[in-house]
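Student: based on what follows, work out the 3D shape:
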Amino acid sequence: MTKKYDVVIIGAGPGGMTAALYASRSNLSVLMLDRGIYGGEMNNTGDIENYPGFELVTGPDLAEKMYASSTKFGAEYAYGNVSNVEDHGEYKLVQTDEGDYEAKTVVIASGAEHRHLGVKGEEEFSGMGVSYCAVCDAAFFRNSDVVVIGGGDSAIEEGLYLTQLVNKVTVIHRRDQLRAQQIIQKRAFANEKMEFVWNATVEEIVGETNKVTGVRYTDKETGEEHVVPASGVFIYVGIMPMTEQFKNLGITDDQGWIVTDEKMNTKVPGIFAIGDVRANQLRQIATAVGDGGVAGQQVYEYLINHDLL
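Tutor: Just a heads-up that it's a prediction; the model follows:
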């Protein structure tokens, strides 16, 4: 039988868990669905120093604390890889590889994933030197040389994290300056283990047998090609929203981000979106939590206003 809930929350990152907390405190039946462990990208984050109330906390520790709060008023958590959501007016059908669920409302908090470079060697050496998560894989490259590709907050923060374990971090960036916040840049430039290659286009991740040996790039100013020797390559060149399964609802823009108003409403009544899937400028734990609080309250308001409780 199809299980029924007042709200199904797709994704159990900081936004999804906060929405679950607020909705369940309003005495609603709540199910959080996630294709992995609760916490989302927090589980791939080392130290967090910009979340209010914590001078310093690790991502996994914060995920555990949020999960305990999110389920204390009865919200349920289940594994499920969502393949489709159908709008049937007063109820929505959420289809997953573990079964279907019927919900009066849906909150989409499915997050985003790392963009790939699309260069030769990237897929071939994935898991054999190519990584998108320094916290996950840094230990495999202890005392070796690695490359970080990118120039935003994630690239530089993860590069700094890597310096705790590796011999040298070479940051390859396609521009002549970083896009990361100034405080992060200052730390990076002061770190003697970090070097920078500017105005470079990555052409190939070079390797042999089952391991990476370097990164080949072109200097955009001179046209010359060079190879940076490296045992590991960490790629941070942007993120893509995980919204493919929701495009049939007509709620995404041309890049796949979900468009909402300030109350997290999408254009489909009863379907809300929060966190990294939204067409928004800032994507942080704090902003996801804020979105989740708004959505959790709006779910209750929607159900009351439509006589669904």
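
Student: give me the residue ranges of the stretch 101-250 of the chain where confidence is low.
Tutor: For the stretch 101-250 of the chain, no stretch is flagged by pLDDT under 70.

Student: what ranges does it have for its helices?
Tutor: For the stretch 101-250 of the chain, the helices defined by DSSP state H, counting those that start in this stretch cover 134-137, 153-162, 182-190.

Student: quick one: the closest residue to E49 other than its chain neighbours from D47, how far?
Tutor: Once flanking residues are discounted, E49 sits nearest to L56: 5.3 Å by CB to CB, 6 or more residues apart in numbering. C-beta coordinates here come from the backbone N, C-alpha and C atoms, glycine included. As for L56, its distance to D47 is 6 Å (criterion: CB to CB, to the nearest Å).

Student: related to what we said a few turns ago, nearest to T209, of the helices of the stretch 101-250 of the chain?
Tutor: Of all the helices of the stretch 101-250 of the chain, helix 134-137 sits nearest to T209, with 18.7 Å by CB to CB.

Student: and that closest one, what's buried?
Tutor: Judged by neighbour count (16 or more other CB atoms under 10 Å), helix 134-137 contains these buried residues: 134-135, 137.

Student: and the contacts of it?
Tutor: 44-46, 59, 131, 148, 158-159, 161-162, 232, 234 (CB atoms under 8 Å, 6 or more residues apart in numbering).

Student: contacting residues around Q298?
Tutor: Contacts of Q298 (CB under 8 Å, 6+ apart): 263-265, 272.

Student: any idea which of those is closest to G292?
Tutor: M264 (8.7 Å).

Student: what about that closest one, neighbour count?
Tutor: Other residues near M264 come to 28 when the count uses other CB atoms under 10 Å.

Student: check contacts around the residue nearest to E49.
Tutor: Per CB under 8 Å, 6+ apart, neighbours of L56: 47-49.

Student: just the buried members of those?
Tutor: Buried by 16+ other CB under 10 Å: I48, out of these.

Student: I239 against H116, yeah?
Tutor: No. Using CB atoms under 8 Å, I239 is not in contact with H116; the gap is 10.9 Å.

Student: bridged to D87, which residues?
Tutor: Beta bridges link D87 to K92, judged by DSSP bridges.

Student: that one and K247, how far apart?
Tutor: Distance from D87 to K247, by CB to CB: 13 Å.

Student: what's the answer for Y300, then?
Tutor: 28 Å.

Student: what comes up buried for stretch 301-309?
Tutor: 302-303.

Student: from the middle of its chain, how far away would that stretch be?
Tutor: 31 Å (CA atoms, centre = their mean, to the nearest Å).

Student: and if you look at stretch 272-280?
Tutor: 11 Å.

Student: cool, stretch 58-76 as well?
Tutor: 18 Å.

Student: touching that stretch from outside, list them.
Tutor: 12, 14, 17-18, 20-21, 23-25, 29-32, 37-48, 51, 54, 77, 135, 285.

Student: 7 Å - rerun?
Tutor: With contact meaning CB atoms under 7 Å, 6 or more residues apart in numbering, stretch 58-76 is reached by 14, 17, 20-21, 24-25, 30-32, 38-39, 42-48, 51, 77.

Student: among the residues you listed, which are located in helices?
Tutor: Applying DSSP state H to the contacts of stretch 58-76, the entries found in helices are 14, 17, 20-21, 24-25.

Student: among these, which ones are buried?
Tutor: 14, 17, 20-21, 24-25.

Student: quick one: residues contacting the residue most central in space within the chain.
Tutor: Nearest residue to the geometric centre of the chain (CA atoms, centre = their mean): A112, 4.4 Å. Residues near A112 by CB under 7 Å, 6+ apart: 239-242, 276-277.
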